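Novice: Here you go, sequence then predicted model.
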Amino acid sequence: NSRLCMSSAVAAHKRAFGEDLVSCSYEDLEAAELIVLVGSNAAWCHPVLYQRMVKAKKLNPALQVVTIDPRRTQTADLADLHLGLAPGTDAFLFNGLLVWLAENGHTDAAFVSQSTNGMEQAVELAKTTAPSVQAVAAQCNLAVEAVEQFFKLFAATQRVVTVFSQGINQSSSGVDKGNALINCHLLTGRIGKVGMGAFSFTGQPNAMGGREVGGLANQLAAHLDIDNPQHRDLVQRFWQSPRIAPYAGLKAVDLFHAMEAGKVKAVWIMGTNPAVSLPDSAQVRRALLACELVVVSDCVRNTDTVDLAHIRLPALTWGERDGTVTNSDRTISRQPPFL
């Protein structure tokens, strides 16, 4: 089925835009008719992907872009509609969209029946917080007309990609927000097909590379599991390491709670700005101020986190480094420095 969807979509795109566009790899962002960017300043944080969207919009003037962010960032320059909702209210917006889609006949009944569980309960639960366009507008501090315009645009467009990034992922209720927007794709069956689906743009630093080299607190290199003795043995023998961690370490939020409690006395932060990007930034700042030794490596002289460091180390920028890069489609490519 995916091959049939792909070939028919490519054929349609060839008719619309000619052979040149599809002679290279064919991707969801280029195939979409509507791209919704939620909590994502892609122009700054994912410039390669942002330029792909800019190019796609030039090649296909019918492509619509919606940005959903309390701030009007540079990414909104690409948008046909910007929803500057109140901070933290994304789940209300997408719960409202779910209810509106269900009540206005936009359910893909076959897909919901075959591929989902609990959709009726999800819609009923969404009604308790977002029963109408007016209720959503009031909670999100948006104009009723703007909310209605977004809902109708989503409903009228078959190929929708909803991109979500750190504005969703690093919220204190990020799971609920991600779940709310994914539900809208599940209700309408707009998932698993070309030009459709919910798509997470991972944040900073290189999370995918961290998974590959064992740079995360709860994973070994090559996506292997710390809790699995066979995986630990494999990595330990490959690295010829006298010891290897037998259990997972602290994840980011837990790390800063342990830091504030005095259980972690030294931290080395590389290429990220947790004083801004982590949820509950006031707690993160308290933890950094309480920590006995804070070392920060960054290529930017002044950030909120660098300003709290005891030791500041300059870091190479991407054009100066020698190694590999993991692309958004998970391709690993060799990158020699050019500076």
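Specialist: That came through, no problem. If you're wondering where the values come from, they're calculated on a predicted model, not measured in any experiment.
Novice: Do a quick rundown of the strands in this protein.
Specialist: 34-38, 64-68, 81-83, 160-164, 197-200, 266-270, 293-298, 311-314, 323-326, 332-335 (DSSP state E).
Novice: in the last one, what's buried?
Specialist: Read it as strand 332-335. Residues of strand 332-335 classed as buried: none (neighbour count, 16 or more other C-beta atoms under 10 Å). Yep, even glycine has a C-beta here, placed from its N, CA and C like the rest.
Novice: Sheet partners, orientation included, of it?
Specialist: strand 323-326 (antiparallel) (DSSP bridges).
Novice: Repeat that for the first one.
Specialist: Listed by DSSP bridges, the sheet partners of strand 34-38 and their directions read strand 64-68 (parallel), strand 160-164 (parallel).
Novice: So for V147, which of these sits nearest?
Specialist: strand 64-68 (10.9 Å; C-beta to C-beta).
Novice: chain center to the closest one: distance?
Specialist: Centroid separation for strand 64-68 versus its chain: 15 Å, with C-alpha atoms, centre = their mean, to the nearest Å.
Novice: neighbouring contacts of that strand?
Specialist: Contacts to strand 64-68, defined as C-beta atoms under 8 Å, 6 or more residues apart in numbering, come from residues 33-40, 53, 57, 73, 75-76, 78-83, 85, 90, 93, 150, 153, 157.
Novice: pLDDT on it, on average?
Specialist: Across strand 64-68, the average pLDDT comes to 98.
Novice: What is the least confident helix or strand in the protein?
Specialist: Lowest on mean pLDDT, DSSP states H and E among the helices and strands of the chain sits helix 2-17, with a mean of 38.
Novice: For PyMOL, what selects the buried ones among the contacts of strand 64-68?
Specialist: Selection of buried members from the contacts of strand 64-68 for PyMOL, criterion 16+ other C-beta under 10 Å:
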select buried, resi 33+34+35+36+37+38+39+40+53+57+73+75+76+78+79+82+83+85+90+93+150+153+157
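Novice: nearest residue to E33 other than its sequence neighbours?
Specialist: R159 (4.4 Å; C-beta to C-beta, 6 or more residues apart in numbering).
Novice: and what of S40?
Specialist: Once flanking residues are discounted, S40 sits nearest to S165: 3.6 Å by C-beta to C-beta, 6+ apart.
Novice: I'd guessed that neighbour sits against W44; true?
Specialist: No - counting by C-beta atoms under 8 Å, S165 stays clear of W44, with 10.8 Å between them.
Novice: what about those two, which has more around it?
Specialist: Using other C-beta atoms under 10 Å, the more surrounded residue of S165 and W44 is S165, with 24 against 11.
Novice: And the helices in the stretch 101-250 of the chain?
Specialist: Taking DSSP state H, counting those that start in this stretch as the criterion, the stretch 101-250 of the chain contains helices spanning 109-115, 119-129, 133-140, 144-156, 166-169, 174-188, 207-213, 229-239.
Novice: Pipe these into CSV and attach distance to C299 and mean pLDDT per row.
Specialist: Compiled in CSV, the helices of the stretch 101-250 of the chain are given as follows (distance: least, C-beta to C-beta, whole Å; pLDDT from 0 to 100):
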stretch, distance to C299, mean pLDDT
helix 109-115, 44, 96
helix 119-129, 42, 96
helix 133-140, 36, 98
helix 144-156, 37, 98
helix 166-169, 19, 86
helix 174-188, 27, 95
helix 207-213, 16, 78
helix 229-239, 28, 96
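Novice: And the contacts of stretch 300-316?
Specialist: With C-beta under 8 Å, 6+ apart, stretch 300-316 has contacts from 269-276, 285, 288-289, 293-299, 337.
Novice: So what's the gap between that stretch and the chain middle?
Specialist: In terms of C-alpha atoms, centre = their mean, the centre of stretch 300-316 is set 25 Å apart from its chain centre.
Novice: Same check on stretch 63-76?
Specialist: 14 Å.
Novice: Only the C-alpha atoms, please, for that stretch, written as PDB.
Specialist: What follows is stretch 63-76, C-alpha atoms only, in PDB (Å, rounded to 0.1, in the frame of the first residue of the first chain):
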ATOM      1  CA  LEU A  63       1.200  24.800   0.000                       C
ATOM      2  CA  GLN A  64      -0.200  26.400   3.200                       C
ATOM      3  CA  VAL A  65       1.900  26.900   6.400                       C
ATOM      4  CA  VAL A  66       0.600  27.500   9.900                       C
ATOM      5  CA  THR A  67       2.900  28.500  12.800                       C
ATOM      6  CA  ILE A  68       1.600  28.000  16.400                       C
ATOM      7  CA  ASP A  69       3.900  29.700  18.900                       C
ATOM      8  CA  PRO A  70       3.400  32.400  21.600                       C
ATOM      9  CA  ARG A  71       6.200  34.300  19.900                       C
ATOM     10  CA  ARG A  72       6.200  35.500  16.400                       C
ATOM     11  CA  THR A  73       9.600  34.200  15.400                       C
ATOM     12  CA  GLN A  74      11.400  34.300  12.000                       C
ATOM     13  CA  THR A  75       9.800  31.000  11.100                       C
ATOM     14  CA  ALA A  76       6.400  32.800  11.000                       C
END
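Novice: Perfect, I'm done here.
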